[in-house]
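1. requesting a structural model of the entry that follows:
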Amino acid sequence: MDFIGYNLLRNALLFNSFFELDNLNIYLRALSSIREFIEEKKYLKQFEIDIKGDIKDLSTLSHEDKLQIALEFLTVLENEMKNNIIEFKGTDFTPRKFKDYFLKDKVLLIPKDKEKEIREIKDDWFVFEDFYGTSEEVHLIELIRIMVTDIQKKYKKDNFYLIRNERHFKIYDFNDGRAFEPDFVLFTQNKKDNIHFQIFIEPKGSHLKAKDQWKEEFMAELKVRAKGKVITFESEEFKVIGLQFYNKSDENMFKIELKSELSI
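-> Residues are numbered from 1 along each chain as shown. I've put the predicted structure just below:
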């Protein structure tokens, strides 16, 4: 691994949330820092990477070439680690404070040629000022914008928020313990009984739906398990809901399910 160099390896690790220290500690309990993960022989430096090609080409690898090699290696390593250890067994949800997850700074790596795609969101109910995401995610925000008036007739206007989950938290599959980071969480509170609703939403392009089908099945199972259940936390009551994937082409089906869950 030495030929890649510390700085390039450090940058490569930033591209994948699996290699954040908190997550690595699930697999490597004695690991104390990312520097240790890169530099110690018992971690990344135990590996060798075989590269086939002309000797002349190998001696003139660019920084971009080395970064790509590191990224491909880390993808293989991630899969090996996941296949050898079950992270968690999914359990019933337990309450955690919002500030413990969403007030931490996050660094997003956005290619310079994509900077124009960063959007300013001025709606009060969207928690962050700027947004960068896929077209499906943009369409979801537009749909919520259309539905806001109807939702706020029944739910408290000052307690309605759509939040982008940019690696802030994970939930875990009940069966296999696979980690899942829902892209959005919708928070709202009923005017009648003051129950808070916490709704997990995952926009998904058509080309990815089959690959991530287990996530949609997990959300469906979550909805079944949570049906009729209320979680009490600091004298407040909460309901947790998972929805089918949001896809622009199936937008009406998603909209019907969301309206059904909110009884609007």
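2. ok, now how distant is E72 from I55?
-> The spacing between E72 and I55, counted by CB to CB, to the nearest Å, is 21 Å. The C-beta positions use only the backbone N, C-alpha and C, and glycine is treated the same way.
3. and I146, how many neighbours?
-> With neighbours defined by other CB atoms under 10 Å, the count for I146 comes to 9.
4. adjust the sequence numbering to begin at 871 for everything that follows.
-> Sounds good: first residue 871 from here, last item I1016.
5. so what does it look like in phi/psi?
-> I1016 has phi and psi values of phi -70, psi -40 when expressed as degrees, to the nearest 10.
6. gap between it and K1129?
-> Distance of I1016 to K1129, computed by CB to CB: 12 Å.
7. quick revisit: between E942 and I925, who's got more neighbours?
-> Just comparing E942 and I925: by other CB under 10 Å the higher neighbour count belongs to E942, 12 against 6.
8. ok so the more buried one is a helix residue?
-> Yes: under DSSP: H, G, I helix; E, B strand; the rest coil, E942 sits within a helix.
9. how about it, what does it touch?
-> For E942, no residue meets the contact criterion (CB atoms under 8 Å, 6 or more residues apart in numbering).
10. what does I1111 give?
-> When contacts are taken as CB under 8 Å, 6+ apart, I1111 is in contact with 1067-1070, 1092-1093, 1096, 1131.
11. one more time with 7 Å
-> If you count contacts by CB atoms under 7 Å, 6 or more residues apart in numbering, I1111 has them with 1067, 1069, 1093, 1096, 1131.
12. how about the secondary structure of it?
-> What three-state DSSP gives for I1111 is strand.
13. please name the nearest non-neighbouring residue to the residue positioned nearest the centre of the chain.
-> Nearest to the geometric centre of the chain sits E1051, at 3.0 Å (CA atoms, centre = their mean). Setting aside the residues directly before and after it, E1051 is nearest to K1040 in space (CB to CB, 6 or more residues apart in numbering), at 5.3 Å.
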